[in-house]
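Chemist: based on what follows, work out the 3D shape:
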Amino acid sequence: MKTYLNRAWRWLQTDQGTMLAVLLVLPLGLWLVWRNERYSANFKRAFLSLGTLFCLIVLGTWITNGNLQHQYRVLAAKQHRTTAHLQQSQSNYQEKADDLATLQDENDKYHDKMAPYENLAKADAKKRTQDAAAAQKVTDALDALPGEYTLTVDDKAKVQAVRKAFSQLSPTQKAYVDESSLKTLENKITELEKKAAADAAQAKKEAAEAAAVAKKKAEEEARGYDTGITYDQLARTPDSYEGKKVKFYGEVAQVLEDSDSSTVQVRLAINGDYDHMMLCEWSSSSVTSRVLEDDYITISGVSEGLVTYESTMGGDITIPSVMVAKVDQ
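Modeler: Have a look, this model is predicted:
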């Protein structure tokens, strides 16, 4: 065994062995060249430099190759993961596509099934739109009416027109309209009509009363002082006849004239009956000649109720009083 090793060692020291060592085991080859005395020193240094450079190149190549292999492995792993992810995504996509196709098929079947109902829904929506439009016309007409506090009887026809339009709506259309506002205006019209009727009745009553008063006054004017009022009426209910025109005939029982003779007072015995005395007063300018006691005269004037005076016996006497406008002697 040792003999074979010696032979191998000697052969490695030959030119062929050294080149083979350089080619196969570079450090061993360089060492053998350096030990071989047949080569010059310059050759050894040049060969060693080239060998060292070659070693560095090989080492750099080996390191670079290691880095590249590492990057390759990283990229390969990344590619593997990407490929797996892509395959998973493709699988998921296919599942989703299948699900979408299933859903689309179910949706188509559902639409086919619901098509009649969808048509009904469209028809219903169209009807609701038409109902709302019809109701809006009535609402607009209602909004155009005066408010509750500005409404007058003259607006009755307008309110009735809105009521007529409302009554022509269908029950569904009526639900869109605020009927309470219309009822409020209708109630207000009724209230205004009642008030107008009451005012008209009151005006008619007042006109009738005024006409009656005017008629009575005209009759009284036509009658003049011939009202037919009696002495007993003046004596018993003087307040009822105060201010009324009267006419009496009688005998002058007493004449009283003031100092300047501008006013004359006469106690007149009606129809000559001294139990029916009346105080008559007039302006002296209203007669053409003086009235004296025991004269019989006819007086026309206005009743002034009762008057009380003291008699010559000291007692109070109350008799009717008349302001005379005319004296017939």
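Chemist: longest helix in this structure, by number of residues?
Modeler: Longest helix of the chain, by residue count under DSSP state H: helix 41-144.
Chemist: state the mean pLDDT of stretch 256-269.
Modeler: Stretch 256-269 shows a mean pLDDT of 86.
Chemist: could you do stretch 194-209 as well?
Modeler: 92.
Chemist: what does stretch 302-317 give?
Modeler: 88.
Chemist: pull out the buried residues from it.
Modeler: For stretch 302-317, the neighbour count (16 or more other Cβ atoms under 10 Å) marks 302-304, 307 as buried. For the C-beta atoms, the positions are set from N, CA and C on the backbone; glycine is no exception.
Chemist: strands - which of the residues you listed land there?
Modeler: Counted as lying in strands by DSSP state E, out of these, are 302-304, 307.
Chemist: Throw those residues into TSV and include distance to K247, thanks.
Modeler: Shown next, in TSV, are those (distance: Cβ to Cβ, whole Å):
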residue	distance to K247
V302	11
S303	11
E304	15
V307	19
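Chemist: which single one of the residues you listed is nearest to T152?
Modeler: Nearest to T152 among those is V302, at 48.2 Å by Cβ to Cβ.
Chemist: residues touching that closest one, list them.
Modeler: Applying Cβ atoms under 8 Å, 6 or more residues apart in numbering to V302 gives the contacts 243-246, 322-323, 325.
Chemist: at 7 Å what do you get?
Modeler: Contact analysis of V302 by Cβ atoms under 7 Å, 6 or more residues apart in numbering lists 243-245, 322-323.
Chemist: if I look at L185, how far off is A161?
Modeler: 12 Å (Cβ to Cβ, to the nearest Å).
Chemist: who has more neighbours out of those two?
Modeler: L185 (21 against 12; other Cβ atoms under 10 Å).
Chemist: now the particular helix or strand that has that one in it against helix 41-144, angle please.
Modeler: Applying DSSP states H and E as the criterion places L185 in helix 179-223. Helix 179-223 runs at 30 degrees relative to helix 41-144, counting by axes from the mean of the first three to the mean of the last three Cα atoms, to 10 degrees.
Chemist: highest neighbour count among the contacts of V302?
Modeler: V322 (25 neighbours).
Chemist: phi, psi for it please.
Modeler: Here is the backbone geometry of V322 (degrees, to the nearest 10): phi -130, psi 130.
Chemist: and the pLDDT at it?
Modeler: 97.
Chemist: ok, A325 - contacts?
Modeler: 300-301.
Chemist: let's see 10 Å
Modeler: 225, 245, 282-283, 286, 299-302 (Cβ atoms under 10 Å, 6 or more residues apart in numbering).
Chemist: write the PyMOL selection for whichever of those are buried.
Modeler: Command for PyMOL that selects the buried part of those, burial taken from 16+ other Cβ under 10 Å:
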select buried, resi 225+245+282+299+300+301+302
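Chemist: can you put the contacts of A325 in TSV and add distance to S259?
Modeler: Below are the contacts of A325 laid out as TSV (distance: Cβ to Cβ, whole Å):
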residue	distance to S259
Y225	30
K245	30
W282	17
S283	15
S286	19
I299	23
S300	27
G301	23
V302	26
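Chemist: so which strand or helix has E281?
Modeler: E281 belongs to strand 277-283 when assigned by DSSP H and E.
Chemist: give me the buried positions along stretch 248-256.
Modeler: 248, 250-252.
Chemist: for S259, see how far away T227 is.
Modeler: From T227 over to S259 (counting by Cβ to Cβ), the distance is 34 Å.
Chemist: compare the two (neighbour count), which wins?
Modeler: T227 (16 against 6).
Chemist: hang on, that one in a helix?
Modeler: No - applying DSSP: H, G, I helix; E, B strand; the rest coil, one finds T227 to be coil, outside a helix.
Chemist: list the contacts of it.
Modeler: Counting by Cβ under 10 Å, 6+ apart, T227 has contacts 219-220, 233, 241, 244-247, 303.
Chemist: where does the stretch 51-200 of the chain have low pLDDT?
Modeler: Low-confidence segments of the stretch 51-200 of the chain (pLDDT under 70): 51, 54-56, 58-62, 65-66, 114-121.
Chemist: next, give phi and psi for I297.
Modeler: phi -130, psi 160.
Chemist: what is the burial count for it?
Modeler: Each residue near I297 was counted by other Cβ under 10 Å, and the total is 19.
Chemist: wait, it sits on K247?
Modeler: No - in this structure, I297 is not within contact of K247 by Cβ atoms under 10 Å, at 11.3 Å.
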